[in-house]
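S.K.: Fold the following and give me the result.
(one chain, ligands or ions: 1)
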Amino acid sequence: MFEQIWDLIKKNDSIVIYGHINPDGDCYGSQVGLKEIILANLPGKQVYITGSGLPPFFDVICKMDEVSDETIKNSLAIIVDGNDLARMEDSRIFTAKEFAKIDHHIDTGTFKEGPFIVDVDANSTCDIITGLVIENNLKLTKLGANALYLGILTDSARFQFVSNFPQTFERAKFLCEHGANPNKINRVLSKSDEISLAAKGYVMSHYKKSKEGVISIVLDRHTLKELNISANHASNLINLLGNIEGYPIWCSFAEYADGRVRAEFRSNGPLVQPVAVSVGGGGHAHASGAQLPSLDYNQIDVIIRKLDQAIINWRKQ
Ligand SMILES: [Mn+2]
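M.R.: Now for the predicted structure:
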């Protein structure tokens with residue numbers, strides 16, 4: 001399938017690479033990494049990355065591009081780290097000329113517009129892209145290596161969740177040999193401040209527990225305003241509630257200023273992805289997310305009951 005995607009890239013003078021809603025390190029890293037790979041191996045192409053990216057890394061990796069509507073219409077659109085067109089942050093993707101996709105999320109069968117690579121066993125899309133560089137003997141810049149390393153690092157929660165350690169370490173080694181600087185990336189990831197500290201304190205003292213073992217935190221927009229953090233920032237704090245003995249699922253609901261809600265589900269055993277899909281989201285078996293139209297406590301109760309059921313089913317296994 002890589003040949004088909006690479007042929008499409010060769011055929012198009014202009015390429016726009018898209019990332020998902022609420023971009024993370026893997027999404028941003030894949031966008032930057034793939035852009036660098038195309039530019040290094042097929043000089044003369046116009047390649048753009050669109051979306052909001054991961055601002056804390058703009059100084060050490062790079063900024064996103066401004067892309068005109070006209071360019072979008074005349075370009076090949078490549079989706080990275082997301083299921084389909086609807087999942088992309090820049091919805092102008094629907095006007096693009098042709099499509100391709102590289103992803104590691106559970107395949108929902110909703111991408112039908114072009115060739116795709118989906119490897120659900122890969123821990124990150126950056127992992128897959130690094131594998132393609134190695135297998136196909138492609139050139140890789142230092143900037144590209146740093147971006148891909150960021151994605152491997154963040155999607156594996158710093159090498160905690162890895163399905164094939166030798167392979168992922170091999171790929172990380174390759175990236176280091178091509179200029180990736182783990183120290184520099186770790187430093188940005190580890191940065192904190194007093195605002196985050198206060199938010200962490202709030203999450204750790206306000207979570208709720210369900211009957212079967214779901215830990216949850218709801219952060220409405222007033223609370224987030226008081227804490228002075230965004231709903232996206234709040235959603236990253238979900239990790240604080242993870243792996244607590246007796247609670248195999250943990251989740252968070254953070255309300256945006258416009259009333260929509262970002263829901264995140266994590267687990268160390270039970271399957272959370274079907275619950276995310278049932279409310280219009282998706283993701284991985286043990287790490288999924290969804291966007292809810294509003295902060296509806298009845299809906300949250302229903303979701304938590306479904307998660308409780310997922311724990312019951314898992315315990316029966
Ligand atoms: Mn990913």
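S.K.: so Ile304 sits in a strand?
M.R.: No. Checked against DSSP: H, G, I helix; E, B strand; the rest coil, Ile304 lies outside a strand; its state is helix.
S.K.: what about the nearest residue to Ala310 once chain neighbours are set aside, which helix or strand?
M.R.: Using CB to CB, 6 or more residues apart in numbering and skipping the chain neighbours, the partner closest in space to Ala310 is Pro270 (4.1 Å). Placement of C-beta: from N, CA and C, glycine included. For Pro270, there is no helix or strand it lies in under DSSP states H and E.
S.K.: Now for Pro270: which residues touch it?
M.R.: With contacts taken as CB atoms under 8 Å, 6 or more residues apart in numbering, Pro270 has the following neighbours: Pro248, Ile249, Leu307, Ala310, Ile311, Asn313, Trp314.
S.K.: What separation do you get for the closest residue to Ser278 other than its chain neighbours and Pro182?
M.R.: For Ser278, the nearest residue in space outside its immediate sequence neighbours is Lys306; the separation is 6.6 Å by CB to CB, 6+ apart. The gap separating Lys306 from Pro182 is 39 Å, by CB to CB, to the nearest Å.
S.K.: what about the lowest-mean-pLDDT helix or strand in the chain and the ion, touching?
M.R.: Taking mean pLDDT, DSSP states H and E as the measure, the helices and strands of the chain show their lowest mean at strand 282-283, namely a mean of 88. No. Interface with the ion: strand 282-283 contributes nothing (CB under 5 Å from the ion), its closest point being 8.8 Å away.
S.K.: Mind listing residues that contact the following helix or strand past that strand?
M.R.: With elements assigned by DSSP H and E, the helix or strand that comes after strand 282-283 is strand 287-292. Residues external to strand 287-292 that are found in contact with it (CB under 8 Å, 6+ apart): 21-22, 235, 253, 260-267, 272-273, 275-277, 279-283, 299.
S.K.: Recalculate using a threshold of 10 Å.
M.R.: Strand 287-292 is contacted from outside by 20-22, 105-106, 155, 157, 161, 235, 238, 251-253, 255-256, 259-267, 271-283, 299-300, 303, using CB atoms under 10 Å, 6 or more residues apart in numbering.
S.K.: Would you mind writing the ChimeraX command to select the buried ones in those residues?
M.R.: For anyone working in ChimeraX, the buried entries among the contacts of strand 287-292, judged by 16 or more other CB atoms under 10 Å, can be selected with:
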select :20,21,22,105,106,155,235,238,251,252,253,255,256,261,262,263,264,265,266,267,271,272,273,275,276,279,281,282,283,299,300,303
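S.K.: And the strands in the stretch 151-300 of the chain?
M.R.: Secondary structure of the stretch 151-300 of the chain by DSSP state E, counting those that start in this stretch: the strands cover 208-209, 214-219, 249-255, 261-267, 282-283, 287-292.
S.K.: For the first one, the averaged confidence score.
M.R.: Read that as strand 208-209. When pLDDT is averaged along strand 208-209, the result is 98.
S.K.: Can you name every helix or strand that it contacts?
M.R.: Applying 3 or more CB pairs under 10 Å, 6 or more residues apart in numbering; DSSP states H and E, one finds that strand 208-209 contacts strand 214-219.
S.K.: what helices or strands is the strand it packs on leaning on?
M.R.: In terms of contacts (3+ CB pairs under 10 Å, 6+ apart), strand 214-219 is packed against helix 194-206, strand 208-209, helix 231-236, strand 249-255, strand 261-267, helix 297-316.
S.K.: Switch those over to TSV; also include distance to Phe111.
M.R.: Compiled in TSV, the helices and strands packed on strand 214-219 are given as follows (distance: least, CB to CB, whole Å):
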stretch	distance to Phe111
helix 194-206	35
strand 208-209	36
helix 231-236	25
strand 249-255	27
strand 261-267	22
helix 297-316	26
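S.K.: Could I get those in CSV, plus columns for distance to the ion?
M.R.: Compiled in CSV, these are given as follows (distance: least, CB to the ion, whole Å):
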stretch, distance to the ion
helix 194-206, 23
strand 208-209, 28
helix 231-236, 14
strand 249-255, 18
strand 261-267, 14
helix 297-316, 22
